[in-house]
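Visitor: Need coordinates for the below:
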Amino acid sequence: MNSSSKIRVLLADHSSFVLRGLQEALQADPLIEVVGEAQNGREAISAVRTLQPDLVVMDLNMPLLSGLDALKIIMRDFPTPVIVLCGPNSEGAARAMEALEIGAVDFVTRIIGTRSPEATQVRDELVAKIRTSGSDRRLHARMRLKRGSVAARQRESRERLERPPVNKTTHAAATSSDEKGANILRRSRPEPAHFRIVIIGVSTGGPMALHSLVPCLPPDLPVPVLIVQHMPAHFTRSLANRLDFLSHAAVREADDGHFLRPGEILVAPGGRHLIVGRSGRTVKILDEPADSLHKPSVNVTVASATRQFGGRALGVIMTGMGNDGRDGMLELSRRDGYILAQDAASCVVYGMPRAVVEAGIANEVHPLGNLAEAIASCLGKRAWPPKHN
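Guide: All right, here's what the predicted structure looks like:
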C-alpha cells in the first residue's frame, strides 16, 4: 500500500441498507476510500481478485456463499486484511471466533445500519480499526508474501531452501529489527517458584494469536493464568470455550468470585474488568474503574495482581493496538516482576508490545511461535504440542 494514498476498502454485506450505512460512515473519513461493494460471498471473492483492496469489511451471513466460506478462499488465494461483521449474540460471537481463527484481523458487531447511539459507537470503532489495519505496513507486507499462485509459492519455497546459511542468519536478524537497539531489560529469570500468577494482555489479532499460544501450554502449570483480551460482552465466552476445546489446560470465562487454581486459565469477560481479589485467592468482576479506555483493561488486571503478589507475577504482552498494559507492566517491573513481549514480526498490530519494549521494561522478546515455551519454561515446565492440528 502506498503510504500517501487512501485506504482502499471493499464492502461486502447482503443488505443494501447496511451497505449504505457503511458507505456513509467510511466516506466521511478523509483517509478511507470505498472502492467496491458485494452482496454475496461469490461477488466478494471476485471483487477482491479484480480490485485488490487494502482491506475488506465483510458480513459473515451472506447468500450463495457464506462470509466464512468466502473468507477461507480469500485467505487461501488472495490474502487480504478482513474485518468481519457479526451478530451481537452468542451465535454471532461463535462465528466471529471462527473467522478470526481462519485469518480475519478483527470484527465489529453488525448494527451499523441503524441510527442508535450503539450503532454510532460501532461505526466509530470500525473506522478506527480500518485506519489501524489498513495502514499497517507490516500487516500488508505479510499479506503480500502470502499472495500469488501455487507456482509462485512453490518458487518462493525453493528459493528459501536454496539460500545459504549466512542469508538465513541475516533474515533472522531482520525479523527483529524493531527490537534492535531497544532498551530490553535483560536479567536472569527468576526461579520458577518465584511466580504466583501469569497475566496475558492482548488486543487486535489476539484471538488468532491465542489460538496459537494457549493450546501449547501444559495442563500442569503451577500457577493460574489470566487472559485480558479486548472484546465486547458475549464474545469472550465463545473465545474461552473454543480455547478450552483446543487446549490441554482448562480454559474458562471468569465469573465473580472464581477461585484462582494452578493450571487453570481464566479469560476476562468482555465489557468488564477482571480484578485479583484482596485475598489473592479469587477474582472479582467489576465495572469500575468506569473511565478506563478499555473494558476489560490489561492495566487494571495487572495492577490488581501486583497489589496482591508484588513482583511475583509473570506479565505477557501480545499483539494489539494502543498501549494498554504498559502502565501496569511498568509498576510490575518496578516491583521486580518479569515481562515477556511478542516480537514485531509476528504481531498483527505491534502497538501494545511496542509500548512495553520502548518503555524499557520487557525482559524478553519472542516470536509468537516461541511464547508458549517461554512462559512454560519460566514456570519450570515445557510447552506441549497442540491437541488439534
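Visitor: doesn't V34 fall inside a strand?
Guide: Yes: under DSSP: H, G, I helix; E, B strand; the rest coil, V34 sits within a strand.
Visitor: can you pull the contacts of it?
Guide: By CB atoms under 8 Å, 6 or more residues apart in numbering, the contact list for V34 reads 9-11, 22-23, 26-27. C-betas here are computed from N, CA, C, even on glycine.
Visitor: if I read this right, C378 contacts F195, doesn't it?
Guide: Yes: with contact defined as CB atoms under 8 Å, C378 counts as touching F195 (6.7 Å).
Visitor: Just the C-alpha atoms of whichever strand or helix holds A44, please, in CSV.
Guide: Element membership of A44, judged by DSSP states H and E, is helix 41-51. Extracted C-alpha coordinates of helix 41-51, given in CSV (Å, rounded to 0.1, in the frame of the first residue of the first chain):
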residue,chain,number,x,y,z
GLY,A,41,-19.7,-14.4,-0.9
ARG,A,42,-19.0,-15.1,-4.6
GLU,A,43,-19.2,-11.4,-5.5
ALA,A,44,-16.8,-10.6,-2.6
ILE,A,45,-14.2,-13.1,-3.9
SER,A,46,-14.5,-11.8,-7.4
ALA,A,47,-14.1,-8.2,-6.2
VAL,A,48,-11.1,-9.0,-4.1
ARG,A,49,-9.5,-10.6,-7.1
THR,A,50,-10.2,-7.7,-9.5
LEU,A,51,-10.0,-4.6,-7.2
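Visitor: which residues sit against that helix?
Guide: Contacts of helix 41-51 (CB under 8 Å, 6+ apart): 8, 10, 12, 35-38, 53, 56, 58, 62-67, 69-70, 73-74, 77-78, 80.
Visitor: Can you flag which of those belong to strands?
Guide: Counting by DSSP state E, the part of the contacts of helix 41-51 found in strands is 8, 10, 12, 35-38, 56, 58.
Visitor: who wins for neighbours among these?
Guide: A12 (30 neighbours; other CB atoms under 10 Å).
Visitor: dump the residue contacts of that one.
Guide: Taking CB under 8 Å, 6+ apart as the definition, contacts of A12 comprise 37-39, 41, 43-44, 47, 56-59, 62, 67, 70.
Visitor: do you know how far it is from V105?
Guide: 15 Å (CB to CB, to the nearest Å).
Visitor: Longest helix in the protein, please.
Guide: Taking DSSP state H as the criterion, the chain has its longest helix at helix 117-134.
Visitor: rewinding a little: so what sits against both of C378 and F195?
Guide: 314, 338.
Visitor: Counting neighbours, what do you get for Y338?
Guide: 23.
Visitor: How confident was the prediction at it?
Guide: Predicted confidence (pLDDT) for Y338: 98.
Visitor: partner residues bridging it?
Guide: L314 (DSSP bridges).
Visitor: That one touches F309, doesn't it?
Guide: No: if you go by CB under 8 Å, Y338 and F309 don't touch, sitting 12.0 Å apart.
Visitor: By mean pLDDT, flag the weakest helix or strand of the chain.
Guide: helix 165-175 (a mean of 32; mean pLDDT, DSSP states H and E).
Visitor: ok, now which ones touch E373?
Guide: 216, 382-383.
Visitor: now do 7 Å
Guide: Applying CB atoms under 7 Å, 6 or more residues apart in numbering, one finds that E373 lies in contact with A383.
Visitor: From H366, how far off is it?
Guide: 8 Å.
Visitor: Ok, S238 next?
Guide: Relative to H366, and taking CB to CB, S238 is found at 27 Å.
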